[in-house]
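Undergrad: Structure here, sequence nowhere to be found:
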């Protein structure tokens, strides 16, 4: 709701879909890791999420028109898949930037 209100008041809004992060796995402290999905399943899931977000934004626009909202020139919105910028980052660059902040104990403790 906050992103919709910000958009209605002239801010740029970006709805982020996790295309790359879904391929990596779940970083939370769960007992079992998320099952690894095939590329076809991941693509299907991202497509479905994108479709749902498009419908949600269409509903927000309709609600804004219903309440006589005056569009602001800066108020744009986009649906972005984080794969668009992360697919070009090499593993070396990723580890150089993020590796020093990662705890290796939990990663090494996982059985695979």
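TA: Cool, got the structure. All values reported here derive from a predicted model rather than from experimental measurement.
Undergrad: In terms of pLDDT, where does the residue nearest the centre of the chain sit?
TA: Nearest to the mean C-alpha position of the chain, counting by CA atoms, centre = their mean, stands residue 17 at 2.7 Å. Looking at residue 17, its pLDDT reads 88.
Undergrad: and if you look at residue 54?
TA: We have a pLDDT of 94 for residue 54.
Undergrad: what about the residue nearest to the residue nearest to the centre of the chain when sequence neighbours are not counted, how many neighbours?
TA: In space, residue 17 comes closest to residue 81 once its chain neighbours are excluded; the distance is 4.7 Å by CB to CB, 6 or more residues apart in numbering. No exception for glycine: its C-beta is placed from N, CA and C like everyone else's. Around residue 81 sit 18 other residues, with neighbours defined as other CB atoms under 10 Å.
Undergrad: for residue 81, what are its contacts?
TA: Contact partners of residue 81, counting by CB atoms under 8 Å, 6 or more residues apart in numbering, are 17, 18, 19, 20, 46, 50.
Undergrad: Point out where this structure drops to low pLDDT.
TA: Within the chain, the segments meeting pLDDT under 70 span 25-31, 33-34, 107, 111-112.
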